[in-house]
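Trainee: heads up, no residue letters with this:
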């Protein structure tokens with residue numbers, strides 16, 4: 001009797017060994033530990049059974065199968081550059097980045113074959129459509145509007161795909177070199193125009209300030225001149241008033257002196273002295289003077305003056 005195994009026994013042993021190994025592997029694979037922000041989609045006999053969240057789970061071997069593992073964290077998807085035409089028929093090249101996350105693991109598994117590729121394609125078509133309604137200059141100014149339009153379109157489709165788009169950012173908008181040169185010339189022209197307007201406005205304001213300063217200076221000078229004339233007029237008036245008062249006082253004093261005893265003779269004597277003094281200075285004058293009286297008869301002249309004084313007194 002021999003201890004060697006025949007080929008049939010070896011084959012059976014190998015088969016049972018493989019079956020046992022498969023069972024062990026299946027048992028180990030039926031034990032699943034799911035990490036945070038991760039979801040496992042499980043099918044049972046080809047039909048959706050459950051979505052496994054974070055934690056420890058045990059599946060039924062050979063019956064339950066993990067169909068998909070979805071990462072629930074926010075992820076970025078690069079949208080490759082694409083050619084677009086603006087409203088004024090200028091070709092531009094646009095690329096961007098999508099920030100999105102899986103909101104429903106079941107819809108993300110069964111609602112679309114590849115939600116990342118689908119979102120990228122939809123972002124490109126939406127970008128082309130929006131840029132086609134804008135002129136070239138507006139495409140650079142309306143980046144936020146373009147991004148918001150892409151986000152709205154993706155979220156409408158994403159409700160069926162089980163994903164949520166948080167934002168879409170345009171990275172670059174490239175134009176042909178000829179268009180870039182033309183735009184640079186336009187920008188330089190606009191900048192020069194603004195500089196000229198700024199200089200003109202500054203010169204205008206400077207002239208206005210100068211004219212206002214000159215006007216105020218002239219007003220101040222005229223006010224000063226007017227005040228000077230007023231002061232001079234008031235001074236002359238005060239001087240005339242003072243002279244008039246002094247003259248009135250002098251006349252009043254002379255009048256009182258005339259009525260006093262001997263006052264009349266004193267007045268005659270004073271007039272005679274002044275008359276003689278004035279005559280003594282006539283020799284120095286170059287002009288001829290004609291007197292209406294006989295200077296040889298001084299007493300008669302004084303008597304005529306005396307009569308004149310008496311007439312005033314009367």
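Mentor: All right, it came through fine. Model, not experiment: these values are computed from the prediction.
Trainee: what's next to stretch 43-50, contact-wise?
Mentor: Identification of contacts with stretch 43-50 by CB atoms under 8 Å, 6 or more residues apart in numbering yields 41, 42, 60, 63, 64, 65, 67, 106, 110. Glycine gets a C-beta too; all of them are placed from N, C-alpha and C.
Trainee: in a strand, that's where the third one is, yeah?
Mentor: No: in this structure, residue 60 is coil, not part of a strand, as judged by DSSP: H, G, I helix; E, B strand; the rest coil.
Trainee: so it touches residue 30, yeah?
Mentor: Yes: Residue 60 lies in contact with residue 30 (CB atoms under 8 Å); the separation is 6.8 Å.
Trainee: show me which of these two is the more surrounded one.
Mentor: Neighbour count, other CB atoms under 10 Å: between residue 60 and residue 30, residue 30 has more, with 17 against 13.
Trainee: gap between the residue nearest to that one when sequence neighbours are not counted and residue 33?
Mentor: Once flanking residues are discounted, residue 30 sits nearest to residue 59: 4.2 Å by CB to CB, 6 or more residues apart in numbering. The spacing between residue 59 and residue 33, counted by CB to CB, to the nearest Å, is 12 Å.
Trainee: tell me which of those two has more neighbours.
Mentor: residue 59 (21 against 9).
Trainee: residue 181: neighbour count?
Mentor: Here the number of neighbours of residue 181 (other CB under 10 Å) works out to 11.
Trainee: helices of the stretch 1-150 of the chain, residue ranges please.
Mentor: Here the stretch 1-150 of the chain has its helices, by DSSP state H, counting those that start in this stretch, at 7-29, 105-110, 115-131, 136-141, 143-161.
Trainee: among the ones you listed, which comes closest to residue 203?
Mentor: helix 136-141 (30.5 Å; CB to CB).
Trainee: list the buried ones in that closest one?
Mentor: Neighbour counts using 16 or more other CB atoms under 10 Å place 136, 139 of helix 136-141 among the buried residues.
Trainee: list the contacts of it.
Mentor: Against helix 136-141 from outside (CB under 8 Å, 6+ apart): 86, 88, 90, 92, 131, 146, 173, 175, 179, 183.
Trainee: so in this structure, where's the weakest helix or strand by average pLDDT?
Mentor: helix 298-313 (a mean of 51; mean pLDDT, DSSP states H and E).
Trainee: mind putting the contacts of stretch 43-50 in a markdown table, pLDDT included?
Mentor: As requested, the contacts of stretch 43-50 are exported to a markdown table (pLDDT from 0 to 100):
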| residue | pLDDT |
| --- | --- |
| 41 | 93 |
| 42 | 93 |
| 60 | 86 |
| 63 | 87 |
| 64 | 86 |
| 65 | 86 |
| 67 | 90 |
| 106 | 93 |
| 110 | 92 |
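Trainee: for those residues, which one is nearest residue 82?
Mentor: Using CB to CB, the contacts of stretch 43-50 come closest to residue 82 at residue 110, 29.1 Å.
Trainee: can you count the residues close to that closest one?
Mentor: When neighbours are counted by other CB under 10 Å, residue 110 comes out with 15.
Trainee: and it, how close does it get to residue 241?
Mentor: From residue 110 to residue 241 the distance is 118 Å (CB to CB).
Trainee: same check, this time on residue 215
Mentor: Taking CB to CB, one finds residue 215 at 38 Å from residue 241.
Trainee: still on that earlier bit, could the contacts of helix 136-141 go into TSV alongside neighbour count, pLDDT and distance to residue 164?
Mentor: Shown next, in TSV, are these (neighbours: other CB atoms under 10 Å; pLDDT from 0 to 100; distance: CB to CB, whole Å):
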residue	neighbour count	pLDDT	distance to residue 164
86	20	87	30
88	10	83	35
90	19	85	34
92	20	88	29
131	25	90	25
146	23	91	20
173	18	86	26
175	18	81	33
179	15	67	37
183	15	66	37
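Trainee: coming back round to it: can you select the buried ones from the contacts of stretch 43-50 in ChimeraX?
Mentor: Typed into ChimeraX, the line below selects the buried ones among these, using 16+ other CB under 10 Å:
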select :41,42,64,65,106
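Trainee: now the contacts of stretch 43-50 in TSV, with distance to residue 122?
Mentor: Formatted as TSV, the contacts of stretch 43-50 follow (distance: CB to CB, whole Å):
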residue	distance to residue 122
41	23
42	29
60	38
63	37
64	34
65	31
67	24
106	21
110	19
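Trainee: what's the most distant pair in the contacts of stretch 43-50?
Mentor: 60 and 110 (21.1 Å).
Trainee: ranges for the strands of the protein?
Mentor: 31-34, 38-44, 47-52, 55-58, 64-71, 75-85, 91-102, 163-174 (DSSP state E).
Trainee: avg pLDDT for the third one?
Mentor: Average pLDDT, strand 47-52: 91.
Trainee: and the angle for it with strand 64-71?
Mentor: 50 degrees (axes from the mean of the first three to the mean of the last three CA atoms, to 10 degrees).
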